[in-house]
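Colleague: Fold the following for me, if possible:
(chains A and B)
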Protein chains: 2
Amino acid sequence: MNSFRFYNPTALYYGKGQIEKHLASEVKRYGTKVLLVYGGGSIKRNGLYDKVTGILKEAGVQWLELSGVEPNPRLTTVRRGIETCRSEGVDLILAVGGGSVIDCSKAIAMGTKFEGDVWDIYQRKAKATGALPLGTILTLAATGSEMNSGGVISNWDTKEKLGGGSPYTFPQFSFCDAENTFTVPKDQTIYGSCDMLAHCFEHYFHPTEHTSLQQRLIEGVISTIVETAPIAVESPTDYTARETMMYCSTMALNGMINMGVQGDWACHAMEHEISAIYDIPHGGGLAILFPHWMDYVVDENPARFAQLAERVFHVDPSGKSQREVALEGIQKVREFLVSIGAPTRLADYGIGADQLGRMAEQAVRFGPIGNFKKLGSQDVLRILESSL
Amino acid sequence: MNSFRFYNPTALYYGKGQIEKHLASEVKRYGTKVLLVYGGGSIKRNGLYDKVTGILKEAGVQWLELSGVEPNPRLTTVRRGIETCRSEGVDLILAVGGGSVIDCSKAIAMGTKFEGDVWDIYQRKAKATGALPLGTILTLAATGSEMNSGGVISNWDTKEKLGGGSPYTFPQFSFCDAENTFTVPKDQTIYGSCDMLAHCFEHYFHPTEHTSLQQRLIEGVISTIVETAPIAVESPTDYTARETMMYCSTMALNGMINMGVQGDWACHAMEHEISAIYDIPHGGGLAILFPHWMDYVVDENPARFAQLAERVFHVDPSGKSQREVALEGIQKVREFLVSIGAPTRLADYGIGADQLGRMAEQAVRFGPIGNFKKLGSQDVLRILESSL
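Modeller: Below is the predicted model of the structure:
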C-alpha cells in the first residue's frame, strides 16, 4: 500500500430515534443560529422538516433557510448561501438531504470563511482556509458525503462540474436514519445504488501493490450492495434493506475501505463532463460508463477483474482463462445494473455524439485521468463513443 | 444492526518515512514537554529510541521517560507515570511500543486529569473526566490500541486485570511503520496474530440481526490474517507481510468493522482472569480459549459458524449439514492456530486445574459474560476445564 494519513472526525449517528435524542445537543455545541439547507421540498412532504425544525425551536435555536438546492448543485446557489451566512452571522450549517444538499453546504461552509471566490477552490487555483461547522441529516443513500470532506459543484455558466474539498469540510456530525429514505423515489434509489457501487469500483482498480485487506473490504461492500439493492429498489419501506444500503453508501466513501490506495476515478471525471452539459443524474451516468470503461481497461490487470468476478459474482473459473473470467465478471456487472433498472446507454438520456469531443477534451484539461490506466482525450472519446 | 454513534478522531499515519516527516509537527501541536513511555528497551536495540529522541531534540521538545512497562501493564507503573505527569507538567504522552505501552499510557493520561484513584475508572466506580493528549508510535501489530480509546491494566495486589477507557483516550495521532516491527520476536508475532484474530471473532459472534456488511468486513480482516500471519511469523523482515498484519490489527479494533454491533467478548473476559493470576501473554490465552468457546457455543447459531467456514476457510458444504460445516470451520480455526505455532492448552503454560473455580467466579463478578451466548460461572468453568 502507499503511505497514508487517515483522519475522519465526523461523529456518525445511525438508526431510529437518534435525531430525537441527540440533534439538539449536537447543534447547540456550535451556536444558536443555523442555516438549514435542503432541496426540492421532499422533506416537507415526509415530515422530516417539521421534525427537525420542531427540535430546533424547542432547543431555542434560530434558523434561516436555503431551499431548492439542485440535484447537481449550482455555484449560484452556493453563492446565495455564502451571502446569507456572512450577513446573518450563521454559526452552523445544517444540511438536510442527499449528496447534493450536503455538497452544496460544504461549498457554502468553505466559501463563507474564504476571502475570495469559492469557485477558485474547485478550480484548484486556491485552497480553503477554513469552514463554518456543518452537520447533516441524510435522506438519500448514495454519495457518502455525510462522512467525507469532498463535494461536487456545477458552474452552469461555464458548463463545468468540479469536485473539491478541504480538511475543514468533514461534517461535525451526521444523522443517518433509514426511515428518512423511505420516500426516495425508485429512480433515485437506483441511481444511489449505482453511485455507491461506482465508488467501490473506483477504489478497487489501481496499480498499487499489496492491498489485500483493502480489496477484501471493498469486495465486502460491493457484495452487500449487489445483494441488497434489488430489495431496496423493489421494497422502498423495507427498513433493513434501506439501512444496509445507507450504511454501504457511507462506508463506500468515508475513506475506511481505501486507506493507502489511490483509486482510479476516471469514470467520475468523465461523468462530470456529461452531466455538466446534460444535467443527467450522476449515478445514471456512472452506471452507463463503468462497464464500457471496464471493457476498455481490462487488460491492464485482468487478475483484478477475475478476482472481482470470482469473489463477488461467484464466477466459476474452471476451464477458463483469467481473461475469460474477467470478462464474465464485467458481464455480471452489466447484468446487475440492468437487473435493478439502471440506464445502459447515453441514448437512454437522449444524448448523441455531437458533444463527445468537447467532453473528452474537457475531461483531461488538468491532465490525463485515471490511475488504473491513464486516459488521454482519445481514450476518453472512445469510451464515450462506446457508451452512446 | 443496533443504533450507534461512531466517532474516532485519531490521525493515523501509515508507512515508511512518516515519523521523520510528521512526528515533530504533531508533537509540537500539544506542547514542548513529553512523557516518553516504553517497555523493556527493544526500542533502544533497534534504533527507534534514537530516532524518536533525535526528532524531539531537534524540535526543541523536552522529554521525561517512563520505561519498563510490563507486557501486562501494572497499576503501580501507571501510578508512577501519573505522578511524573502531574509533578512535571507534562503536555503530551508519547507511547512508543505495543498495546501494553499504549494501554499504560492511556491510563496515565486519564489518571493525570482525574481527581481520585485511576483504578476506580477500571473498576467502573467512576468515569474519566479528561485526559492528557496522547500520541503513539506502534512497534507491535496486535491490540489495535493505537486507534481506539480502550486499554487493559493489571492490579497485581488484587490479581485483577480490567479493561477501561473513555472518550478522551483516543490517541491524537499514531505512527505505524511496519519496519518498527521487524525485530518483534517470533512468539510475540504469533501472539499478536492471535490477538487481532480474536478481536475479529469477538465482533463476528453476536445475536444482532441484519449486519451483512459488518460480517463481510470482519471476514475480510480474518481472511487477510489467515493468509498473511504465516508469512510474518516465518519471515519477520518481510515488509509487506508485516505491514498487512499491522493494518489488520488496527482495523480489527478501531471500531470500523463493527459499527452497530455489540460483540461477544466472553473469551477476553476469561483470558483476563487467566493472565491476572498467571501473567501469560494475552494472545496466547485467547488462542487457547477461542476454539473451546466455539465448541461450547456453536449451537446458538450454527449458521454463523458455517458462514465463517465457507467464506473464510473455503469449507465445501456439499452433502453436509449446517452443523457439520460449522464444526469443520472450528476445526480449521484450530488448524490455523496450530500452523502458526500458537498454544492450544493451558498446560502449555503449566497451568493446572487448581485456580479454575476462582477464575470462573471472578470472570462473572459484574454479571454474566458474553453476548452471543450469556455465560455464567458454571459455563466459564466448563470452558476453562476443556482448555486444560
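Colleague: Wait, a strand at residue A:9?
Modeller: Yes. Note on residue A:9: a strand contains this position according to DSSP: H, G, I helix; E, B strand; the rest coil.
Colleague: how many neighbours does it have?
Modeller: 16 (other C-beta atoms under 10 Å in any protein chain shown). Heads up, the C-betas are built off the backbone N, CA and C, glycines and all.
Colleague: Contacts only, for the closest residue to it other than its chain neighbours.
Modeller: The shortest distance from residue A:9 to any non-neighbouring residue, by C-beta to C-beta, 6 or more residues apart in numbering or on different chains, is to residue B:9 (4.6 Å). Residue B:9 makes contact with A:7, A:9, B:170, B:172, according to C-beta atoms under 8 Å, 6 or more residues apart in numbering or on different chains.
Colleague: Show me which of those are buried.
Modeller: By the neighbour-count criterion of 16 or more other C-beta atoms under 10 Å in any protein chain shown, the contacts of residue B:9 include these buried positions: A:9, B:170, B:172.
Colleague: Show me which of these is closest to residue A:201.
Modeller: residue A:9 (27.0 Å; C-beta to C-beta).
Colleague: From residue A:134, how far out is that closest one?
Modeller: Distance, residue A:9 to residue A:134, by C-beta to C-beta, to the nearest Å: 12 Å.
Colleague: do residue A:224 as well
Modeller: 28 Å.
Colleague: Is residue A:7 in contact with residue B:14, as I believe?
Modeller: No. Look at residue A:7 against residue B:14 with C-beta atoms under 8 Å: they stay out of range, at 11.8 Å.
Colleague: which residue does the stretch 251-388 of chain A bring closest to chain B?
Modeller: residue A:256 (4.9 Å; C-beta to the nearest C-beta).
Colleague: Quick check: nearest residue in space to that residue, chain neighbours excluded?
Modeller: Spatial nearest neighbour of residue A:256, excluding adjacent residues (C-beta to C-beta, 6+ apart): residue B:256 at 4.9 Å.
Colleague: same deal with residue A:291?
Modeller: Per C-beta to C-beta, 6+ apart, closest to residue A:291 is residue A:334, 4.8 Å.
Colleague: What average pLDDT does the helix or strand hosting that neighbour get?
Modeller: Assigned by DSSP states H and E, residue A:334 falls within helix A:322-339. The average pLDDT within helix A:322-339 is 98.
Colleague: Just name whatever secondary elements the helix or strand following that helix is in contact with.
Modeller: Next along the chain after helix A:322-339, taking DSSP H and E as the criterion, comes helix A:356-363. Using 3 or more C-beta pairs under 8 Å, 6 or more residues apart in numbering or on different chains; DSSP states H and E as the contact criterion, the neighbours of helix A:356-363 among helices and strands are helix A:266-278, helix A:377-386.
Colleague: Would you mark the buried spots in helix A:356-363?
Modeller: Under the neighbour-count criterion of 16+ other C-beta under 10 Å, helix A:356-363 has A:356, A:359, A:360, A:362, A:363 buried.
Colleague: one step back: hang on, isn't the residue nearest to residue A:256 packed against residue B:8?
Modeller: Yes. The criterion here is C-beta under 8 Å, and residue B:256 meets it with residue B:8 at 7.4 Å.
Colleague: okay, these two: which has more neighbours?
Modeller: Set side by side, residue B:256 and residue B:8 show more neighbours around residue B:256, with 23 against 20, by other C-beta under 10 Å.
Colleague: And the more buried one, what's its pLDDT?
Modeller: Residue B:256 is given a pLDDT of 98.
Colleague: In contact with it, which residues?
Modeller: Taking C-beta under 8 Å, 6+ apart, one finds A:256, B:6, B:8, B:217 in contact with residue B:256.
Colleague: List phi and psi for it.
Modeller: phi -80, psi -20 (degrees, to the nearest 10).
Colleague: So residue A:380 sits against residue A:365, correct?
Modeller: No. Counting by C-beta under 8 Å, residue A:380 does not reach residue A:365; the two are 11.1 Å apart.
Colleague: Looking at those two, which is more packed in?
Modeller: Legend: neighbour count by other C-beta under 10 Å for residue A:380 and residue A:365, higher for residue A:380 (27 against 11).
Colleague: so who does the more buried one touch?
Modeller: A:266, A:270, A:359, A:360, A:363, A:364, A:369.
Colleague: And the buried ones among the contacts of residue B:9, which is closest to residue B:180?
Modeller: Of all the buried ones among the contacts of residue B:9, residue B:172 has the smallest distance to residue B:180: 18.9 Å, by C-beta to C-beta.
Colleague: Fine by me, we can end here.
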